[in-house]
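Student: The following comprises the amino acid sequence and a computationally predicted model.
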Amino acid sequence: MSFANRLLPLAVFAASLAAPAAAITLSTPLAGGNGQAGIMFDLVAGSQALTITGGAISLDFGTHSVQIFTRPGTVVGNLTPTGWTLIGTAAGLIGNDIGTQTFLDFPDFTMAAGSTTGIYFNAVSGSPVNYTNGSVVGGIVASDANLSILSGFGRGSNFGSDFSPRNFNGSIVYTLGTGAVPEPASWALLIAGFGLTGAVARRRRAAVSA
């Protein structure tokens, strides 16, 4: 078997390990009707573990920065900063008002099957976050076979006044399982590695034929 043919199965295997899981987007209605500095609500995983990879939020016209906090377990009874972790700040978000949503990236986090994670989007300044009045805290706003988004609380700036029940207007993006999702820099390294493998194979063929 030639050197190039011996390398091919290894490259295919490496590619299969690196291929990211397909992203799934769960969106809520974008009815608007109310708004404040932030929105806090529960995510509930179904029968499979999940990796939350990003989301989208409905923002007023303008440029905004939004902090993303998470906590293990429900938001109910946990409206103070205790137990919450700031996992990222999405800056330079362009809002287009009610009925639209703006993508925001944040560090991935995992959810075990059947678990609940609280998430809180807080605008760094102003009250640009659009949401909708709900029926009951904990009611399902949107769901699919793997994830549910529940009704929660509108919040004043930085864990300020709470208003309930309020429904998130936006989306949560996730993948099934808890494997790492390669970031753009990782993909660049993988592609470069495969290119190097091909170059080595070409040089070996040239040496053999010379």
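Tutor: Yep, it's here. Numbering: from 1, shown residues only.
Student: Beta-bridge partners for Ala45, please?
Tutor: Per DSSP bridges, the residues bridged to Ala45 are Leu147.
Student: Then Phe69?
Tutor: Here Phe69 sits in beta bridges with Leu86, Tyr120, as judged by DSSP bridges.
Student: I'd say it and Leu86 touch.
Tutor: Yes: in this structure Phe69 lies within contact range of Leu86 using C-beta atoms under 8 Å: 5.4 Å. C-betas here are computed from N, CA, C, even on glycine.
Student: Between the two, which is the more surrounded one?
Tutor: When Phe69 and Leu86 are compared on other C-beta atoms under 10 Å, the one with more neighbours turns out to be Phe69, at 20 against 13.
Student: Low-confidence bits of this protein, can you list those?
Tutor: Low-confidence segments of the chain, defined by pLDDT under 70, span residues 1-20, 179-210.
Student: where exactly do the strands run in it?
Tutor: If DSSP state E is used as the criterion, the strands of the chain fall at 24-27, 34-36, 38-45, 50-57, 62-72, 85-95, 102-111, 116-123, 129-133, 140-143, 147-150, 152-155, 162-168, 170-176.
Student: Which other helices and strands does the shortest one contact?
Tutor: Counting contacts by 3 or more C-beta pairs under 8 Å, 6 or more residues apart in numbering; DSSP states H and E, strand 34-36 is packed against strand 129-133, strand 152-155, strand 162-168.
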